[in-house]
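Trainee: Please find the sequence and the predicted model below.
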Amino acid sequence: MRILSGLQPSGRLHIGNYFGMMEAALKLQHEGDAYYFIADYHSLNTVQDGKLLRDHVRNLAIDFLACGLDPAKSVFFRQSDLPEHAELSWILSTVTPMGLLERCHSYKDKVAHGIKPSHGLFAYPVLMAADILIYDSDVVPVGRDQKQHVEVTRDIAIKMNETFGEGLFKLPMPRINEQTAVVPGLDGQKMSKSYDNTIQLFEELPALKKKIMGIKTDSTPVESPKSIEGSSILALYKLVASQADYDTMVADHEKGGVGYGDFKKRLLQAMTEHFAPFRERRAEIIADPKYVDRVLAEGAEKARAVARKTLARVRDAVGLG
Ligand code: ATP
Ligand code: MG
């Protein structure tokens, strides 16, 4: 089984990324042949500052390794080290109907949030299809927001197979953990790097405290029962607390007598404890500045061997070169 997934270096890693995609991806690295990458071509749509993009790439690499990515088990690389992705994207785009892309929610959501509607943003699903298909991937662990893009990938692969020969591409499947498919942000919308509503995984403690204590709540008095539906505090607590602690918090909502400030403090503590081991590992990784470069260079080399083979097969099938 070949597994593939990517993360954009469009900002710092957040707990939506972790629970939506990384947790599953980290487990899968022990079950198959995993390819994980930092999607820097994609991030050019939202980060248009060379130094900042490089910083984000480096931090994301460190953070992913700190979370448990094992370079001995997974091929870990930076997308732009493989221009083969961009070439395949072009080839795929020539069979991709405009209507297929026009239906994509992610593009519309981003534009609605003020991101400028560039061709790159519109064509994002085609590059993502190339990312997936170039490794003959079977399984793509993603959050719910990316499900449609994996379906678009399948549609493009089917179209390529119909046009240039059955068996040219495998059809990948999305893998979504329904429990954590959409992690809410501080404002209750989907947590997203580009929506400025994230809790970063490696947030400094004072900033983390400020964010959690600042979560907007309704004006229910301390003594009254509080609504469970739609509570970001509870939704986030469920991710990081034990089942028993979560049940207690639910009961305290239903009973009344406990204020939101108390719930927020419990959330802060559970969040800090949950990620403490990751912080330790992160400090070790940072202590060896060459380590990350070495991992990404080795990853790129392994990825290149596969990507070049697929691209040669495709160029041959379509009549290029
Ligand atoms: P951007 O705002 O730049 O799109 P992002 O925060 O959405 O960034 P991505 O790098 O696009 O993060 O997504 C990486 C992975 O994390 C994808 O598989 C995506 O589905 C998943 N993911 C992102 N946000 C969430 C979320 N709030 N809940 C669950 N999964 C998420
Ligand atoms: Mg995204």
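Mentor: That came through fine. Residues are numbered from 1 along each chain as shown. Ligands and ions are numbered 1, 2, ... in the order given.

Trainee: For the residue in the stretch 1-150 of the chain positioned nearest to ligand 1, which non-adjacent residue is spatially closest?
Mentor: Proximity of the stretch 1-150 of the chain to ligand 1 (CB to the nearest ligand atom) peaks at Gly20, 1.8 Å away. C-beta coordinates here come from the backbone N, C-alpha and C atoms, glycine included. Nearest residue to Gly20 in three dimensions, chain neighbours excluded: Gly143, at 3.2 Å (CB to CB, 6 or more residues apart in numbering).

Trainee: State the distance from the one you found to Arg175.
Mentor: 11 Å (CB to CB, to the nearest Å).

Trainee: The two - which one has more neighbours?
Mentor: Between Gly143 and Arg175, Gly143 has the larger neighbour count (other CB atoms under 10 Å), namely 23 against 18.

Trainee: Would you check that the more buried one makes contact with Val182?
Mentor: Yes - counting by CB atoms under 8 Å, Gly143 does reach Val182; the two are 6.7 Å apart.

Trainee: hey, what's in contact with both of these two?
Mentor: The contact sets of Gly143 and Val182 overlap at Gly16, Gly20 (CB atoms under 8 Å, 6 or more residues apart in numbering).

Trainee: returning to that earlier point: can you pull the contacts of the residue nearest to Gly20?
Mentor: Per CB under 8 Å, 6+ apart, neighbours of Gly143: Gly16, Asn17, Gly20, Met21, Ile176, Thr180, Ala181, Val182, Val183.

Trainee: now do Val150
Mentor: Residues counted as contacts of Val150 (CB under 8 Å, 6+ apart) are Ile132, Val140, Val142, Pro172, Met173, Pro174.

Trainee: In which helix or strand does the second one reside?
Mentor: Under DSSP states H and E, the secondary-structure element containing Val140 is strand 139-141.

Trainee: which helices and strands does that strand pack with?
Mentor: The helices and strands touching strand 139-141, judged by 3 or more CB pairs under 8 Å, 6 or more residues apart in numbering; DSSP states H and E, are strand 2-7, helix 23-28, strand 173-175.

Trainee: Serialize these to JSON lines and add fields for mean pLDDT.
Mentor: What follows is those, written out as JSON lines (pLDDT from 0 to 100):
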{"stretch": "strand 2-7", "mean pLDDT": "98"}
{"stretch": "helix 23-28", "mean pLDDT": "97"}
{"stretch": "strand 173-175", "mean pLDDT": "98"}
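
Trainee: which residues of the stretch 151-300 of the chain fall in helices?
Mentor: Under the criterion DSSP state H, counting those that start in this stretch, the stretch 151-300 of the chain carries helices at the ranges 205-213, 232-240, 243-255, 260-287, 289-318.

Trainee: Could you do the stretch 1-150 of the chain as well?
Mentor: Using DSSP H, counting those that start in this stretch, the helices of the stretch 1-150 of the chain run over residues 15-17, 23-28, 40-43, 50-67, 84-93, 98-102, 105-112, 119-122, 124-133, 147-164.

Trainee: okay if I get those helices as JSON lines plus distance to ligand 1?
Mentor: Listed next are the helices of the stretch 1-150 of the chain as JSON lines, based on distance: least, CB to the nearest ligand atom, whole Å:
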{"stretch": "helix 15-17", "distance to ligand 1": "3"}
{"stretch": "helix 23-28", "distance to ligand 1": "8"}
{"stretch": "helix 40-43", "distance to ligand 1": "7"}
{"stretch": "helix 50-67", "distance to ligand 1": "9"}
{"stretch": "helix 84-93", "distance to ligand 1": "16"}
{"stretch": "helix 98-102", "distance to ligand 1": "16"}
{"stretch": "helix 105-112", "distance to ligand 1": "7"}
{"stretch": "helix 119-122", "distance to ligand 1": "10"}
{"stretch": "helix 124-133", "distance to ligand 1": "9"}
{"stretch": "helix 147-164", "distance to ligand 1": "8"}
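
Trainee: Contacts only, for Lys193.
Mentor: So Lys193 contacts Gln8, Ser10, Gly11, Arg12, His14, Asn17 (CB under 8 Å, 6+ apart).

Trainee: Just the buried ones from the residues you listed?
Mentor: Buried members of the contacts of Lys193, counted by 16 or more other CB atoms under 10 Å: Gln8, Ser10, Gly11, Arg12, His14, Asn17.

Trainee: wait, Ile3 sits on Gly32?
Mentor: Yes - using CB under 8 Å, Ile3 is in contact with Gly32, at 4.9 Å.

Trainee: okay, and the common contacts of the two?
Mentor: Common neighbours of Ile3 and Gly32, using CB under 8 Å, 6+ apart, are Asp138, Val139.

Trainee: Pick out whichever of these two has more residues nearby.
Mentor: Set Ile3 next to Gly32 and count neighbours by other CB under 10 Å: Ile3 wins out with 23 against 15.
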